[in-house]
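**Q** The sequence and its predicted three-dimensional model are supplied below.
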Amino acid sequence: MPKALTEAQIDCYRENGFVTPFHALTTDEAAAARTKLEAHEAHMGSTLGPLHRSKSHLLFTWVDEIMRHSPLLDAVEDLIGPNILCWNTIFWIKEPRTESYVGWHQDLQYWGLDNDELVSVWVALSPATEDSGCMSVIPGSHRELLDHDETYHANNLLTRGQELKIDVGSRETVAMPLQPGEASLHNVRAAHGSGPNRSDDRRIGLSMHYMPTHTAQTLADWDSAALVRGFDEYGHFEHAPRPEYDLAPDAVAFHARAAGALREIVYHGARQIDPTL
Ligand SMILES: O=C(O)CCC(=O)C(=O)O
């Protein structure tokens, strides 16, 4: 018996590589998370920078709690089983009326993970509409391995400005609009991307990358992941500690190490490296 998804949603995920929308958080929980994010930004005097954008669950208790939110883990468990690690959490923020976009890409090829079972859960903390640049996917693309160009385009939010080499216009694409608290789930091989934000509000998403505990990292000797459910009999990743409070010094120190390893992985073999990541 599935715990959170219907059989039809699980079939849709297996067939198309994604399922959406899933009610991950209440609107109040999503609003509370946005308030905490924006309080942190106000404190820093700037929008969330690259330093705090990735592996954010290591730094902020409220991100750690969303990552471990039971209804969300139930949905992930329906797709990959009961022993679950979360490899990364990352904020995807597009400011109102800006040109930032996410090029069409498949993540599998850049994360060094040795299987294609990883599920990305993207939770909306503000309205993600076609107007504000919600994500779109190519149904069935999780069964293909596609080539990428690395454009390093300034407005492309991906590390290397990845863009699929295919003519996306000739393929069926499906937009995944979400209201605050709703989430989409997509397979690590599913081709996805998103356009600029033409709305007057920020488009804020938190993406979390869950994988079964048997997954191993192929591009680095050391990597970390949070054990969010079940048991890890493999020990391929150092288990990430939970922050005691936001930006606690030991949490910041572990984050620096984990973010350094992540940086090495995502830039493995790259021709340019963004020193600010
Ligand atoms: O936020 C977006 O538009 C893209 C996010 C993304 O690429 C991901 O979550 O894997």
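**A** Done, it's in.

**Q** Trp222: neighbouring residues, count only.
**A** 12 (other C-beta atoms under 10 Å). (Glycine included, C-beta is placed from N, CA and C.)

**Q** Name all residues that make contact with it.
**A** Trp222 is in contact with 238, 261, counting by C-beta atoms under 8 Å, 6 or more residues apart in numbering.

**Q** that's a strand at it, yeah?
**A** No - using DSSP: H, G, I helix; E, B strand; the rest coil, the assignment for Trp222 is coil, not a strand.

**Q** For it, what are phi and psi?
**A** Dihedral angles of Trp222 (phi, psi; degrees, to the nearest 10) stand at phi -130, psi 140.

**Q** how about the residues of the stretch 1-150 of the chain near the ligand?
**A** Residues of the stretch 1-150 of the chain lying near the ligand by C-beta under 6 Å from any ligand atom: 92, 102, 107, 120, 122, 135.

**Q** Roughly how far does Thr159 sit from Ala190?
**A** 19 Å (C-beta to C-beta, to the nearest Å).

**Q** Sorry, wrong one. I was asking about Val119.
**A** As defined by C-beta to C-beta, Val119 lies at a distance of 10 Å from Ala190.

**Q** more crowded one of these two?
**A** Using other C-beta under 10 Å as the criterion, Val119 and Ala190 rank with Ala190 on top: 27 against 24.

**Q** contacting residues for the spatially closest residue to that one that is not a sequence neighbour?
**A** Computed as C-beta to C-beta, 6 or more residues apart in numbering, the closest residue to Ala190 that is not its neighbour in sequence is Gly17, at 3.6 Å. Counting by C-beta under 8 Å, 6+ apart, Gly17 makes contact with 137, 139-143, 186-187, 189-190.

**Q** Then Tyr234?
**A** Counting by C-beta under 8 Å, 6+ apart, Tyr234 touches 213-214, 216.

**Q** Tell me which residues of stretch 51-60 come out buried.
**A** The neighbour-count criterion (16 or more other C-beta atoms under 10 Å) identifies 52-60 as the buried residues of stretch 51-60.

**Q** do stretch 219-229 as well
**A** Those would be 219, 223-229, for stretch 219-229 by 16+ other C-beta under 10 Å.

**Q** how long is it from one end to the other?
**A** This stretch, stretch 219-229, spans 25 Å end to end (C-alpha to C-alpha, to the nearest Å).

**Q** and if you look at stretch 232-252?
**A** End residues of stretch 232-252 are separated by 25 Å (C-alpha to C-alpha).

**Q** Quick one: distance of it to the chain centre.
**A** The chain centroid and the centroid of stretch 232-252 are separated by 18 Å under C-alpha atoms, centre = their mean, to the nearest Å.

**Q** Enumerate the positions of that stretch that are buried.
**A** Buried, per 16+ other C-beta under 10 Å, within stretch 232-252: 232, 236-237, 240, 243, 246, 248, 251.
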